[in-house]
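Q: Everything below, folded, please.
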Amino acid sequence: MDRFDQKASTLGPVEPEAPPPPCDQELVTAFEVLRPRNPAGPVIFSSAHSGRIYPAAFVAASRLDPLTLRRSEDAFVDELFGAAPDLGAILMRAHFPRAYMDVNREPYELDPKMFEGRLPAFANTRSMRVAGGLGTIARMVGEAKEIYARKLTVEEGLARIESLYKPWHRALRGLLQQAWRQRGVAVLVDCHSMPSNAGRADRIKADIVLGDRYGASCDPAFTEAAESHLRGLGYVVARNKPYAGGFITEHYGDPAASWHALQIEINRGLYMDEATLERAPGFEELQKDLREVMQALIDVAGGLGERSLAAE
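A: You can find the predicted model right below:
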């Protein structure tokens, strides 16, 4: 198939713990699925942008230093939500960095200016994200800094999609399918972080932004539970502005079919030094608070699952 359709039944789920070898041999394990010993519900927490294994060939091909390359990374988000398996939920986390491959995009959202040769006709070359340099394979990082010192070949780009993007989404969809079959409901919590833009007039004032595609991607009970607990813990919470949810939230959120997806964006200023990319003193406190929020979401999912199974 030329076009990758994650919803096509012909793809089928693949075994999450054994993705195909990636195009760069340094990424032997492209992503990881951490399962609970005692499953407590149909919830999958996903951290798609916290990967921090930077292939040497990628770094060598960049005009940027390694620290600058990491500016788009959702650093430590997988650790902030690391209690998921202890609470009975699955945690799926990428090891490849967002700057190398962004799975929160369409599969072929590609910028023709980045490549030697002609992209496939089905590539989406005109999206707003491509125009901003932030397609499936990013052209820019941080404050509009160009990543590459040379153009990539089309074959290089397509190899990343085949070896990283597709296995990630097949595995994620397989986990959600399994949860839905077993519990009558599937819940995805898509975990991210956002720059604080400290000192800028347009800086984000919220501590946490919850994205549910303006109510289209999940039952309102999930958003309300997350917001209520976060506000009770003293956090400033916004809904959908400036982040309503990306490709993952939009693609997997289908409440009418009992598939729910909620995006959580955490202000990096809460838990890390954005200049050095090191954990800040508030890291452990935030981690503890998020454990409470995660439990609330698992409880809501369990209630929906019981009602769904009872209705069958």
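Q: C-alpha only now, for contacts and for neighbours.
A: Noted.
Q: Ala296 and Tyr100, how far apart?
A: Here the distance between Ala296 and Tyr100 works out to 34 Å (C-alpha to C-alpha, to the nearest Å).
Q: ok, those two, which is more surrounded?
A: The neighbour count for Ala296 versus Tyr100, taken as other C-alpha atoms under 10 Å, is higher for Tyr100 (22 against 17).
Q: surely that one meets Arg139?
A: No - contact status for Tyr100 versus Arg139: not in contact, 9.5 Å apart, counting by C-alpha atoms under 8 Å.
Q: And what about Val59, helix, strand or coil?
A: Put simply, Val59 is helix when judged by DSSP: H, G, I helix; E, B strand; the rest coil.
Q: The closest residue to it other than its chain neighbours and Ala275, how far apart?
A: Computed as C-alpha to C-alpha, 6 or more residues apart in numbering, the closest residue to Val59 that is not its neighbour in sequence is Pro66, at 6.8 Å. When distances are taken as C-alpha to C-alpha, Pro66 and Ala275 turn out to be 13 Å apart.
Q: In terms of neighbours, single out the busier of those two.
A: Set Pro66 next to Ala275 and count neighbours by other C-alpha under 10 Å: Pro66 wins out with 12 against 9.
Q: Tell me how far that one lies from Ser196.
A: Where Ser196 is concerned, Pro66 sits at a distance of 21 Å (C-alpha to C-alpha).
Q: Same check on Asn38?
A: 36 Å.
Q: So these two - more neighbours on which side?
A: Set side by side, Asn38 and Ser196 give different neighbour counts by other C-alpha under 10 Å, the larger being at Ser196 (19 against 11).
Q: tell me the pLDDT at that one?
A: Among the per-residue scores, Ser196 holds a pLDDT of 91.
Q: next one: Ala186
A: On pLDDT, Ala186 comes in at 97.
Q: And for Ile204?
A: pLDDT, the model's per-residue confidence, is 73 for Ile204.
Q: Quick check: it touching Ser196?
A: Yes - checked against C-alpha under 8 Å, the pair Ile204 and Ser196 is within contact range at 5.9 Å.
Q: shared neighbours of the two, anything?
A: With contacts taken as C-alpha atoms under 8 Å, 6 or more residues apart in numbering, not a single residue reaches both Ile204 and Ser196.
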